[in-house]
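In: need the 3D shape of this:
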Amino acid sequence: MKKENIIKVVVIAIVVAVTGGILGFKFTQRAQSPTGQVVDAQPIVQTKPVVTDSEKQANVQVAKAGYKIVEVKNSEVPFSFEVPEKWMTETRNSGEKQLSVEEMRDFLGTQYTYTDPDSGKTQSAPAYSDGVGTHSTQDIKAATAKEIQQSFKLYYYPNVSVSAVDYIWYGEFNASQIDFRVEDGLAGDIVNNVKTGEKEQCKNEPIDSNLYGCGNSAPKWEKIMIAGKNVYVETFSTDRDEKGNELIGKGGSGGKTYYIETPSVNKTLIIKKQARGDSQFEKDFDNLIQTLKIN
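Out: Predicted structure coming up:
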């Protein structure tokens, strides 16, 4: 081999060796951790950050100042909403579990002490409906287990009730009360049954009966969006006094009933606002609807 060819081969070998050494050094640097330990040289893949318990707690729904969250752990349709802290709440019949006879008896025997808005006097009244002829706490205590169960069967007590005043009634009209209950079936079917029942009722009533919502006093129906769902809403008319001024009462309450269905379980959540209230009550009710969450 000629001398010049030998020199070329040697030069090429040196270049290859040097280049390989440089690349090998760089690869070793990449494949080592700062502590010098060898790590897997795989591409870095971005993943979702791990959420700590404290971060999870930070995501829990928090009520606005002056309000509280009412969480209803109904076994079929769990839901929650927000109301003023001072509002009274009743959730013992929420549907989270089947009430025992004694729990039913305790529920029916509830008495509330309140201030009569007309006389200003402090009074006491039962919260229950007299579905089986019971009219006092003593009657409730003396009722048999069968009578207690019969009362719950005859009168469909709401799962939850809230009230802007210091009492909740199930046998009488309470303009400041809102009731929640879960019924079987889809909203459309339930609403059709309600409309049919109202028409039947009005056949034997005066054409403009406020008490039953007939004729010009018939309730109005609409559909709106609540919690991402199409909701049927029935709005009742108001009464008028002898001077023609609007009058809120049992016969013409101006109240509303909302029918919110959960098709996955064939259930409908029904919200009944018994009457239209003053501006603050309506503002608080709007907040209730806006914060409603159905799980």
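
In: quick one: buried residues of the helix or strand that residue 233 is a member of?
Out: Assessed by DSSP states H and E, residue 233 sits inside strand 229-235. Residues of strand 229-235 classed as buried: 229, 231-235 (neighbour count, 16 or more other C-beta atoms under 10 Å). No exception for glycine: its C-beta is placed from N, CA and C like everyone else's.

In: and that strand, what does it pack against?
Out: helix 187-202, strand 220-226, strand 256-262 (3 or more C-beta pairs under 8 Å, 6 or more residues apart in numbering; DSSP states H and E).

In: can you rerun that using 10 Å?
Out: Secondary-structure packing of strand 229-235 (3 or more C-beta pairs under 10 Å, 6 or more residues apart in numbering; DSSP states H and E): helix 187-202, strand 220-226, strand 256-262, strand 267-273.

In: dump those into JSON lines; add mean neighbour count and mean pLDDT as well.
Out: Below are those laid out as JSON lines (neighbours: other C-beta atoms under 10 Å; pLDDT from 0 to 100):
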{"stretch": "helix 187-202", "mean neighbour count": "14", "mean pLDDT": "93"}
{"stretch": "strand 220-226", "mean neighbour count": "11", "mean pLDDT": "95"}
{"stretch": "strand 256-262", "mean neighbour count": "22", "mean pLDDT": "96"}
{"stretch": "strand 267-273", "mean neighbour count": "22", "mean pLDDT": "97"}
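
In: may I see the ones you listed organised as a markdown table, with distance to residue 141 added?
Out: Shown next, in a markdown table, are these (distance: least, C-beta to C-beta, whole Å):
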| stretch | distance to residue 141 |
| --- | --- |
| helix 187-202 | 35 |
| strand 220-226 | 41 |
| strand 256-262 | 34 |
| strand 267-273 | 30 |
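
In: mind checking which of those is nearest residue 85?
Out: strand 267-273 (19.4 Å; C-beta to C-beta).

In: okay, and the helix or strand of the chain with the least pLDDT?
Out: helix 3-31 (a mean of 44; mean pLDDT, DSSP states H and E).

In: give me the mean pLDDT for stretch 110-119.
Out: Mean pLDDT, stretch 110-119: 78.

In: so how far is that stretch off the chain centroid?
Out: 28 Å (C-alpha atoms, centre = their mean, to the nearest Å).

In: and it, end to end?
Out: Start and end residues of stretch 110-119 are separated by 23 Å (C-alpha to C-alpha, to the nearest Å).

In: what does stretch 234-247 give?
Out: Chord length of stretch 234-247, first to last residue, is 19 Å (C-alpha to C-alpha).

In: for that stretch, list every residue counted as buried.
Out: Here stretch 234-247 shows 234-239, 247 as buried, counting by 16+ other C-beta under 10 Å.

In: where is pLDDT lowest across those?
Out: Out of the buried residues of stretch 234-247, that is residue 239, at 82.
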